[in-house]
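Chemist: heads up, no residue letters with this:
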């Protein structure tokens, strides 16, 4: 059975083959754009941003795995085979890396790392004292799925007073749970550092807008590691420039790479990172996908299945 891969560029194929040789030696691992691949023999696909129409061109495809945590890069294709199981990447290493990034971002906002970096760049000895510590700061995570839950736990363990908001009630020790539209405003009002880790759906698009940002306490910080579509950038810039928000750490954007002239690059209260928060190693992803394929072949339940009704 052939596994086609579109992740990391064709130069990564040798590594993918070596890794699947360890974890799933029965698979014939081929590059996505290899013209010699017989379409009828492709049973599995591991992809990131596949060209529209390509997945539908494999008549015997059995399972699709996303190379990242999101699947919107697949479901945006109107022809993707909706009858097939679509599995999100939720390998433990993804969650660990995301938690590390979220912890770093929250501490950067807490200690005003951007101010420190600006002072170093200008050669200025800008001494200041942070106004509070983590146990005096309320962190809130929007989205308590695989990545959000782990990130919330890491924030809690650092000492932040941590809460989370999700569509349904979650039960995590020492993390207050808010759920549903009725509790969103109360969640935002108690959050000094807001972390967005929601999936991209029509309901979550633009959730970080003027109205929601205004509900945060004065001086609050925002971390967006969900999707670029969650954030209305002009509303964020207005809230930063007015002084209502104290800072932002952004890892995802509507258009990537972020354009050189984008005002986010130069804003004194914004830290920009190039969508690097939670990219697991190829070894971790190969191990995960091999386990998913093995589960599929023995008829077992699959982890982290995309649910069209929920949109994630």
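Modeler: Nice, thanks for sending it over. None of the values given here were measured: they were computed from a predicted structure. Residues are numbered from 1 along each chain as shown.

Chemist: Show the contacting residues for the residue most central in space within the chain.
Modeler: Nearest to the geometric centre of the chain sits residue 226, at 4.4 Å (CA atoms, centre = their mean). By CB atoms under 8 Å, 6 or more residues apart in numbering, the contact list for residue 226 reads 142, 143, 196, 197, 198, 199, 200, 204, 252. Backbone N, C-alpha and C define where each C-beta goes, glycine included.

Chemist: Quickly find the element holding it.
Modeler: Under the criterion DSSP states H and E, no helix or strand holds residue 226.

Chemist: Against residue 55, how distant is it?
Modeler: Per CB to CB, to the nearest Å, residue 226 is found 24 Å from residue 55.

Chemist: Same check on residue 74?
Modeler: Noted for residue 74: a distance of 7 Å to residue 55, by CB to CB.

Chemist: domain assignment for the protein?
Modeler: 2-91+280-297, 95-272 (automatic domain parsing).

Chemist: would you turn those domains into TSV with distance to residue 303 and mean pLDDT?
Modeler: Below are the domains of the chain laid out as TSV (distance: least, CB to CB, whole Å; pLDDT from 0 to 100):
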stretch	distance to residue 303	mean pLDDT
domain 2-91+280-297	6	96
domain 95-272	9	97
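
Chemist: Might one say that residue 44 is in contact with residue 55?
Modeler: No. Judged on CB atoms under 8 Å, residue 44 makes no contact with residue 55 at a distance of 11.1 Å.

Chemist: Residues that sit against both of these two, list them.
Modeler: With CB under 8 Å, 6+ apart as the test, residue 44 and residue 55 both reach 61, 64.

Chemist: returning to that earlier point: touching both of residue 74 and residue 55, which residues are there?
Modeler: 47, 64, 80.

Chemist: which stretches of the stretch 1-150 of the chain form strands?
Modeler: Secondary structure of the stretch 1-150 of the chain by DSSP state E, counting those that start in this stretch: the strands cover 2-6, 28-31, 42-47, 63-66, 86-87, 138-142.

Chemist: Just say which of those strands is most tucked in.
Modeler: strand 138-142 (a mean of 27; mean count of other CB atoms under 10 Å).

Chemist: Run the chain-centre distance for that strand.
Modeler: How far strand 138-142 lies from its chain's middle: 15 Å, per CA atoms, centre = their mean, to the nearest Å.

Chemist: So which residues make contact with that strand?
Modeler: Here strand 138-142 makes contact (CB under 8 Å, 6+ apart) with 102, 106, 148, 151-152, 155, 160-165, 187-188, 190-198, 207, 226.

Chemist: In helices, which of those residues fall?
Modeler: Per DSSP state H, helices hold the following members of the contacts of strand 138-142: 102, 106, 148, 151, 152, 155, 187, 188.

Chemist: Just give the nearest non-adjacent residue to the fifth one, would you?
Modeler: The shortest distance from residue 152 to any non-neighbouring residue, by CB to CB, 6 or more residues apart in numbering, is to residue 141 (4.5 Å).

Chemist: Can you give me the distance of the one you found to residue 106?
Modeler: Note on residue 141: its distance to residue 106, by CB to CB, is 10 Å.

Chemist: Spell out which residues are contacts of both of the two.
Modeler: 155, 195.

Chemist: all helices for the protein, in order.
Modeler: Remark: helices assigned in the chain by DSSP H are 13-23, 72-75, 92-110, 113-122, 146-158, 180-189, 210-215, 233-242, 263-266, 282-297.

Chemist: For those helices, give me a markdown table that also has mean neighbour count and distance to residue 30.
Modeler: Output for those, formatted as a markdown table (neighbours: other CB atoms under 10 Å; distance: least, CB to CB, whole Å):
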| stretch | mean neighbour count | distance to residue 30 |
| --- | --- | --- |
| helix 13-23 | 16 | 8 |
| helix 72-75 | 18 | 19 |
| helix 92-110 | 21 | 25 |
| helix 113-122 | 13 | 44 |
| helix 146-158 | 23 | 29 |
| helix 180-189 | 14 | 45 |
| helix 210-215 | 16 | 45 |
| helix 233-242 | 17 | 40 |
| helix 263-266 | 12 | 39 |
| helix 282-297 | 20 | 14 |
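
Chemist: Next, format these as TSV and append distance to residue 276.
Modeler: Conversion of these to TSV gives the following (distance: least, CB to CB, whole Å):
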stretch	distance to residue 276
helix 13-23	19
helix 72-75	17
helix 92-110	8
helix 113-122	16
helix 146-158	14
helix 180-189	27
helix 210-215	24
helix 233-242	19
helix 263-266	16
helix 282-297	15
